[in-house]
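S.K.: I'll drop the sequence and a predicted model, then ask my questions.
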Amino acid sequence: MEDIIINSMKDILIKYLLVDSSEWKLLELKPEDYFDLNEQSESYSVFDSIEKHFLDPRNYLKEDLDKILILNITISDSLGNKSESKFTYWDEGRSQIKETLEYKLGILSYRTIILSVNIDSENQKSLILRVEDIEGNLIPITQAMNDISNFYGYDLSIFDSLRS
């Protein structure tokens with residue numbers, strides 16, 4: 001898919017809910033405030049551009065990270081392409097569920113869910129499970145345990161035939 005020029009991209013919408021609040025807040029960002037524009041690219045794409053805060057999108061907000069309960073990000077363009085990332089945080093922000101939905105020309109083309117559960121805060125140990133929606137079935141793609149110094153992956157090759 002060709003890059004979509006910045007003029008066709010709409011503002012990025014970030015909707016979020018804080019712990020102990022029932023009132024949703026909304027932040028609208030221009031594409032240039034949300035994405036890193038590298039030297040090779042002169043435009044932004046809904047699917048291929050890199051976010052400035054890719055590792056922790058809570059950093060777009062001027063809130064304490066451990067106070068953010070839910071964070072929903074919607075990126076779309078005038079052609080019907082859209083990416084939605086939905087985060088739910090708990091355990092003072094150390095655990096999270098992330099669901100990503102991508103629509104090409106208005107049709108759902110990709111869905112993945114990543115669950116990262118804090119197991120041991122002192123050693124920064126987490127269990128990570130990533131599943132993708134393949135023909136309506138949630139299929140494990142990654143199962144891993146990580147800590148401050150190691151990453152342990154698990155063999156999920158039994159699902160390889162479903163990913164083709």
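M.R.: Structure's in. What do you need?
S.K.: Quick check: which ranges of this protein have low pLDDT?
M.R.: Within the chain, the set of residues satisfying pLDDT under 70 comprises 1-7, 37-48, 148, 151, 163-164.
S.K.: show me where it has helices.
M.R.: 31-34 (DSSP state H).
S.K.: What segments of it are strands?
M.R.: Shown for the chain, the strands assigned by DSSP state E span residues 12-18, 25-29, 35-36, 50-51, 68-76, 82-90, 95-104, 107-120, 125-134, 137-146, 151-153.
S.K.: pretty sure residue 80 is touching residue 102, no?
M.R.: No. Counting by CB atoms under 8 Å, residue 102 is not a contact partner of residue 80; they are 11.7 Å apart. In short, each C-beta sits where N, CA and C put it, glycine included.
S.K.: So those two - more neighbours on which side?
M.R.: Legend: neighbour count by other CB atoms under 10 Å for residue 80 and residue 102, higher for residue 102 (18 against 12).
S.K.: ok, the residue nearest to the more buried one when sequence neighbours are not counted - how many residues close by?
M.R.: Of all residues not flanking residue 102 in the chain, residue 110 sits nearest, at 4.0 Å (CB to CB, 6 or more residues apart in numbering). Other residues near residue 110 come to 13 when the count uses other CB under 10 Å.
S.K.: list the contacts for residue 110?
M.R.: Neighbouring residues of residue 110 by CB atoms under 8 Å, 6 or more residues apart in numbering: 100, 101, 102, 132, 133.
S.K.: contacting residues for the first one?
M.R.: This points to residue 100. Contacts for residue 100 (CB under 8 Å, 6+ apart) come out as 83, 84, 85, 86, 110, 111, 112, 113, 114.
S.K.: Recalculate using a threshold of 6 Å.
M.R.: Applying CB atoms under 6 Å, 6 or more residues apart in numbering, we find residue 100 in contact with 85, 112.
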